[in-house]
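Trainee: model this:
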Amino acid sequence: LDYEEALFLLVMFLALLPCKAFFYRKGNLLSSQPNVPWTLAVLTSMAVLVGLLLFAYKHVEYSNELWWRFAYKADAPRSMRSLVGAGTLLALFSFYQLLRPKRSLPPLPGPEELATVRSIVAASGSTEANLALLGDKRILFSSDQKALVMFGCEGRSWVSMGDPVGPRGSADDAAWSFLELCDEKGVWPVFYQVHDTHLGRYVEMGLSVLKVGEEALVSLSEFSLEGGRKADLRRTCRKASEAGLVFEVVSRDAVPALLPQLKVVSDAWLGEKSGAEKGFSLGYFDEAYLLQFDFALVREGESILAF
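Mentor: Sure, this is the predicted structure:
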């Protein structure tokens with residue numbers, strides 16, 4: 001009866017028990033689903049290696065000295081040490097897989113969550129906030145359900161598309177909740193394409209600021225085609241007018257009937273770009289998403305050339 005060790009472990013257990021809340025990351029040890037084919041393949045490979053080693057050096061009589069024999073042609077001892085090294089690496093990798101944080105991805109939003117998203121987006125007045133309605137990003141709401149963070153998961157990075165959407169106080173709460181969720185899951189939080197007026201929030205959160213591009217803003221109330229710098233633009237507009245092209249904006253009520261023509265334009269554009277549909281920071285041709293907006297069109301007669 002090793003009561004000394006048992007008492008020591010009991011004291012450690014009682015000391016750690018009140019601290020359970022601080023160990024908030026979920027590990028794989030009790031929740032991981034073993035990959036049976038992968039496990040069998042690795043074990044089979046190890047067994048084959050052992051069999052090959054025994055067959056290749058069956059003429060060598062085993063002794064403990066083999067482990068410590070280092071010579072130019074001492075292939076049997078070298079093979080034995082290599083096999084032990086491979087087994088050790090495999091064991092360390094297995095322990096790492098079992099003890100690392102469990103990175104289960106949050107589910108994509110369902111109809112109820114999208115209804116809440118729609119109300120938050122409508123109240124925000126931000127055009128970029130509409131990207132939350134695409135349904136391709138995970139959604140994290142603030143505690144008062146008045147703000148949200150829309151984010152995608154790529155490797156060890158969880159990337160928020162833009163600033164949190166919603167009133168300032170609720171948006172701050174959503175941003176901190178996102179940071180805490182990333183810490184719990186053991187991943188890196190990223191806020192992509194944020195506004196400079198909110199940089200203080202991210203610095204306070206301990207994040208680094210990295211400039212990856214610029215954005216040009218045009219004041220429509222002051223915009224004009226006059227001046228020498230706008231000559232090319234005036235020429236383009238004149239040619240479009242002479243070709244009979246017409247610009248118009250249609251309400252979303254008229255969009256369902258136009259979807260077949262819009263799909264043709266979208267497919268032609270994708271064909272020219274030799275790429276697939278975009279996503280995350282750009283919209284894509286999804287009927288449920290497109291039916292929520294008005295459309296700007298360029299027509300030639302009854303044919304739609306661009307939208």
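
Trainee: mind listing the strands for the stretch 201-307 of the chain?
Mentor: In chain order, the stretch 201-307 of the chain shows strands spanning 245-250, 295-300, 303-306, with DSSP state E, counting those that start in this stretch as the criterion.

Trainee: let me fix that, I meant to ask about the stretch 1-150 of the chain.
Mentor: The residue ranges that make up the strands of the stretch 1-150 of the chain, judged by DSSP E, counting those that start in this stretch, are 138-141, 148-154.

Trainee: who touches the first one?
Mentor: The set of residues that contact strand 138-141 without belonging to it, under Cβ atoms under 8 Å, 6 or more residues apart in numbering, is 105-109, 113, 116-117, 132, 147-153, 174, 177-178, 181. Backbone N, C-alpha and C define where each C-beta goes, glycine included.

Trainee: show me the shaky parts of the stretch 1-150 of the chain.
Mentor: The stretch 1-150 of the chain contains residues with pLDDT under 70 at 29-34, 101-102.

Trainee: filter the contacts of strand 138-141 to the buried ones?
Mentor: Among these, those buried by neighbour count (16 or more other Cβ atoms under 10 Å) are 109, 113, 117, 132, 147-152, 174, 177-178, 181.

Trainee: farthest pair in those?
Mentor: The widest separation within the buried ones among the contacts of strand 138-141, taken as Cβ to Cβ, falls between Ala147 and Gly152 and amounts to 18.2 Å.

Trainee: check what pLDDT Leu181 gets.
Mentor: The predicted structure scores Leu181 at 93 on the pLDDT scale.

Trainee: okay, and it sits in which element?
Mentor: In the assignment (DSSP states H and E), Leu181 maps to helix 168-185.

Trainee: any buried residues in that helix, and which?
Mentor: By neighbour count, and taking 16+ other Cβ under 10 Å as the criterion, the buried residues in helix 168-185 are 170-179, 181-182, 185.

Trainee: tell me what it is packed against?
Mentor: For helix 168-185, the contact count by 3 or more Cβ pairs under 8 Å, 6 or more residues apart in numbering; DSSP states H and E identifies strand 138-141, strand 148-154, strand 157-161, strand 188-192, helix 199-204 as packing neighbours.

Trainee: returning to that earlier point: JSON lines for the strands of the stretch 201-307 of the chain, including distance to Val36 and mean neighbour count?
Mentor: Below are the strands of the stretch 201-307 of the chain laid out as JSON lines (distance: least, Cβ to Cβ, whole Å; neighbours: other Cβ atoms under 10 Å):
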{"stretch": "strand 245-250", "distance to Val36": "56", "mean neighbour count": "12"}
{"stretch": "strand 295-300", "distance to Val36": "51", "mean neighbour count": "15"}
{"stretch": "strand 303-306", "distance to Val36": "53", "mean neighbour count": "14"}
